[in-house]
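In: what's the 3D shape of this:
(chains A, B, C and D)
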Number of protein chains: 2
Amino acid sequence: MKTAAGPALGRPRSDAARIAVLHAVDDMLVEEGYAAMTMKGVAARAGVGRQTVYRWWNSKAEILLEAVKEDARDELAIGPGESTPAEYRDFLARVSRFLTESPAGAAYRALVGEAQHDAKVAELIRGSDVLVEAAVPVLKRAIDRGDLPSDLDLAHAAAELIGPVFFRVLAGPATGAPQPRAAQTPRPPRLA
Amino acid sequence: MKTAAGPALGRPRSDAARIAVLHAVDDMLVEEGYAAMTMKGVAARAGVGRQTVYRWWNSKAEILLEAVKEDARDELAIGPGESTPAEYRDFLARVSRFLTESPAGAAYRALVGEAQHDAKVAELIRGSDVLVEAAVPVLKRAIDRGDLPSDLDLAHAAAELIGPVFFRVLAGPATGAPQPRAAQTPRPPRLA
DNA sequence: CCTATTTCGAGACACTGTGACTCGAAATAG
DNA sequence: CTATTTCGAGTCACAGTGTCTCGAAATAGG
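Out: Below is the predicted model:
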């Protein structure tokens, strides 16, 4: 915890190195997979000293999180649609594509997976799930239309919406490995 | 691939060693967590040679799968209830408890997590999900009662039922690490 | 210009897990 | 008694981890 001292002292952090690491992680994840991706390899691939990586990130998971956060948000965001069911359908199709085809989605799955093994990673992703955050605007518009009660628990409703797709991709017959098969468009479920 | 030659030749496999390994994996998962659990450690804990472990299982995941499969089935099985909503409620409460509190549930989460990293593990758990298998009898009884259409896609319906709880536990605010907090009883969703 | 401070890339280091290997002993069938 | 296979135990090369050191580079203030 730095005390947020203003202008800093000494050589400033190299943004080029930061970007290089982020890109390296992004590339290596899709090329070799999360398991084969090592801190050593990331540093080498980025053309960066090993200590430089460890100085700014504590784990693969932290780098990955920073590397794909923006992409994930962009890929999941949808604007207002014609109706609530139409928005559900569009959103769920996007979630399905994200989880099964997008590199950012692969990173998300890897992070959720790692969270089941490592409490630190679980803490890292806790309370800032990109899927939930993307679902919230959809739910709020549904509330505005009067299709959902105004006192709705957004987190629970988001889980209701996302859960079935999430479960099928992570644990179902289309589990894990990057399957090139086309994503199936899921039906929107009825929310209480 | 053995050709299933009947009476076998040479010294038979030691069932004591098999049980010891299974118990060691079971214990170490709850005591140290999946990440800290190593093949080396398992062999030592079980008082078994390292090669003996590698001879019968290819990975931690395989051992874990064999170790908890029966426990998982037992913990998730529920008998017929008074009504379909009551069965949904009971089943989902059991799923929630399983995922958040049971050692077998922790193993299940670890396996699903590992499947996101390793295609072999994904293949291993593909098409034999204990949660889906436990949901199927519930759904079939609902069909018999006329509460669900007889041509229902069981896998999809099971995902609809399980998904929300699954998502909240694996990715939601109650992510990952074994949280001693009491499981919240989820509302049963409406199935199409 | 000079110095203090911090990051940079590069690499050495001890430690640990992996998975294949060897060894002699034990258990089974013929 | 022999062939075969598993047993526990241990050795081995290889690779990744995370910390450390090194000299160079980049910044601020004197």
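In: Lowest average confidence across helices and strands of chain A, where is it?
Out: Ranked by mean pLDDT, DSSP states H and E, the weakest helix or strand in chain A is helix A:119-125, scoring a mean of 94.
In: Can you spell out which helices and strands pack onto that helix?
Out: helix A:60-76, helix A:103-115 (3 or more Cβ pairs under 8 Å, 6 or more residues apart in numbering or on different chains; DSSP states H and E). Bear in mind the C-beta positions are built from the backbone N, C-alpha and C, glycine included.
In: residues making contact with the shortest one?
Out: Where contact means Cβ atoms under 8 Å, 6 or more residues apart in numbering or on different chains, the residues beyond helix A:103-115 that reach it are A:26, A:29-30, A:34, A:60-61, A:64-65, A:67-68, A:71-72, A:75, A:97-99, A:121-122, A:124-125, A:130-131, A:169-170, A:176, A:178, B:112-117, B:170-171, B:175-176.
In: what about that helix and DNA strand D, touching?
Out: No - Helix A:103-115 does not reach DNA strand D (Cβ under 7 Å from any atom of the strand); its nearest approach is 12.2 Å.
In: Please identify the deepest-packed of the helices and strands packed on helix A:119-125.
Out: Sort these by mean neighbour count, taking mean count of other Cβ atoms under 10 Å in any protein chain shown, and helix A:103-115 sits at the top with a mean of 24.
In: buried ones in the least confident helix or strand of chain A?
Out: Across helix A:119-125, burial judged by 16 or more other Cβ atoms under 10 Å in any protein chain shown covers A:119-122, A:124-125.
In: C-terminal to that helix, what's the next element?
Out: The element immediately downstream of helix A:119-125 (helix or strand, assigned by DSSP states H and E) is helix A:130-144.
In: Okay, buried residues for that following helix please.
Out: A:130-132, A:134-135, A:138-139, A:141-143.
In: Establish whether that helix and chain B are in contact.
Out: Yes - residues of helix A:130-144 are located near chain B by Cβ under 8 Å from any Cβ of the partner chain, namely A:131-132.
In: tilt between that helix and helix A:60-76?
Out: Per axes from the mean of the first three to the mean of the last three Cα atoms, to 10 degrees, the angle that helix A:130-144 makes with helix A:60-76 is 30 degrees.
In: Run the chain-centre distance for helix A:130-144.
Out: In this view, helix A:130-144 has its centroid 16 Å away from the chain centroid, taken as Cα atoms, centre = their mean, to the nearest Å.
In: what does that helix rub up against?
Out: Outside helix A:130-144, the residues that touch it by Cβ under 8 Å, 6+ apart are A:69, A:72-73, A:76-78, A:80, A:84, A:87-88, A:91, A:95, A:108, A:148-150, A:152, A:154-155, A:157-159, A:161-162, A:166, A:191, B:171-172.
In: how many neighbours does the residue in chain A that DNA strand C sits nearest to have?
Out: Distances between chain A and DNA strand C by Cβ to the nearest atom of the strand are smallest at A:Gly10, namely 1.9 Å. Per other Cβ atoms under 10 Å in any protein chain shown, the neighbour tally for A:Gly10 reads 5.
In: Tell me the secondary structure at it.
Out: coil (DSSP: H, G, I helix; E, B strand; the rest coil).
In: Compute the distance between it and chain B, please.
Out: 35 Å (Cβ to the nearest Cβ, to the nearest Å).
In: Give me the residue at the spatial middle of chain A.
Out: A:Tyr108 (3.9 Å; Cα atoms, centre = their mean).
In: returning to what we had before: give me the subset of the contacts of helix A:130-144 that lies in helices.
Out: A:69, A:72-73, A:76, A:84, A:87-88, A:91, A:95, A:108, A:154-155, A:157-159, A:161-162, A:166, B:171 (DSSP state H).
In: need the helices and strands packed on helix A:119-125 in a markdown table with mean pLDDT, can you?
Out: What follows is those, written out as a markdown table (pLDDT from 0 to 100):
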| stretch | mean pLDDT |
| --- | --- |
| helix A:60-76 | 97 |
| helix A:103-115 | 97 |
